[in-house]
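Trainee: Okay, here's the prediction I keep looking at, along with the sequence it came from:
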Amino acid sequence: MVATMRHAYPTMFASVIIPALDEEEAVAGVVCECLATGLPKEVIVVDNGSTDRTAARACEAGARVVTAPRGYGRACMAGVRAISPECDIVVFLDGDGSDVPAFMSQLVNPIARGTHDFVIGSRTRGQRERGSMNFQQVFSGRMAGFILRLLYGVQYTDMCPFRAIRRDALAKFNMRDQTYGWNLEMQMKAARTGLRILEIPVNHRRRAGGESKVSGTLRGTFVAGARILATLLRVALE
């Protein structure tokens, strides 16, 4: 069941970053759902080279729109560069409507209370709408979690894009990945630097429109998997 608690901590400024590539059907709804939680002070949509009306729809819904060259990691970093100086907590989620912003308080509040530094959602532990994740996504998340437990003693069950992190902690990571390895790099560096990490179950829906750039095609799945593996090896050997 989705938590309805909306307790925001007034001393903490949360910014939401939504990377989006050709998500005109879903992005406005995602922005509206984020704003409806009452938690973020700003919602930033990063148009990652869209050829449709993603940027216009996001702006109409109340987001601030910035642009970035193609690449999931490039979009996330552009969003980080665009956040307001007052921001304390950075929240990331996808623009396809699959993440459920109603869970945002469960991600943000442990950081605002000062008990944790990095809170990540787990789709595999939450309630998943049929067809929202394929076998490869579930398997890769659990496999990455197993490897990271061996490396750092931290247990993850997913590489869910829906996550929140203290801004000052993220700034120390020197994030480098420009594509699909961004999420894994963040999880690895959070574990390696000893951040207080919390994983919580979150619900997950089928995308609201368009086609997945990762799981929508065999090529997309293969390319994403190869880049995630390359990131794992690079960060582990740093």
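Mentor: In hand now; what should we look at?
Trainee: Return, as residue ranges, the portions of this protein with sub-threshold pLDDT.
Mentor: Low-confidence segments of the chain (pLDDT under 70): 1-11, 212-224.
Trainee: Can you get me the start-to-end distance on stretch 110-117?
Mentor: In stretch 110-117, first residue to last residue: 8 Å (CA to CA, to the nearest Å).
Trainee: name the element Ser50 belongs to?
Mentor: Per DSSP states H and E, Ser50 falls between elements, in no helix or strand.
Trainee: Count the residues that sit near it.
Mentor: 21 (other CB atoms under 10 Å). In short, each C-beta sits where N, CA and C put it, glycine included.
Trainee: Assign the residue nearest to it when sequence neighbours are not counted to helix, strand or coil.
Mentor: Sequence neighbours aside, Asp22 is the residue nearest to Ser50 in space, at 4.9 Å (criterion: CB to CB, 6 or more residues apart in numbering). Asp22 falls in the coil class when you classify it by DSSP: H, G, I helix; E, B strand; the rest coil.
Trainee: Quick one: residues contacting the residue nearest the centre of the chain.
Mentor: The centroid of the chain falls nearest to Pro161 when counting by CA atoms, centre = their mean (2.8 Å). Pro161 sits next to 92-94, 99, 183 when contact means CB atoms under 8 Å, 6 or more residues apart in numbering.
Trainee: just Glu129 next, same as before
Mentor: Contact analysis of Glu129 by CB under 8 Å, 6+ apart lists 203-206.
Trainee: mind redoing it with 10 Å?
Mentor: 98, 100, 203-207 (CB atoms under 10 Å, 6 or more residues apart in numbering).
Trainee: for Thr157, same thing?
Mentor: For Thr157, the contacting residues are 120, 122-125, 138, 141-142, 144-146, 199, 201, by CB under 10 Å, 6+ apart.
Trainee: Leu107 now?
Mentor: So Leu107 contacts 14, 39, 89, 91-93, 101, 116, 118-121, 162-165, 198, 200, 202 (CB under 10 Å, 6+ apart).
Trainee: now swap in Arg206 and tell me
Mentor: If you count contacts by CB under 10 Å, 6+ apart, then Arg206 has 96-98, 128-133 around it.
Trainee: Return a ChimeraX selection command for the buried portion of the residues you listed.
Mentor: Here is the ChimeraX selection string for the buried members of the contacts of Arg206, based on 16 or more other CB atoms under 10 Å:
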select :96,97,98,128,132,133
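Trainee: Drop anything exposed from the contacts of Thr157.
Mentor: 120, 122-124, 141, 144-145, 199, 201.
Trainee: returning to what we had before: taking the contacts of Arg206, tell me the two that lie furthest apart.
Mentor: Asp96 and Arg130 (16.5 Å; CB to CB).
Trainee: quick revisit: correct me if wrong: the residue nearest to Ser50 contacts Arg207.
Mentor: No - between Asp22 and Arg207 there is no contact under CB atoms under 10 Å: 11.5 Å.
Trainee: Which neighbours do those two have in common?
Mentor: 95-96.
Trainee: show me where the chain has helices.
Mentor: 27-36, 54-61, 72-82, 104-112, 135-152, 167-171, 182-192, 218-237 (DSSP state H).
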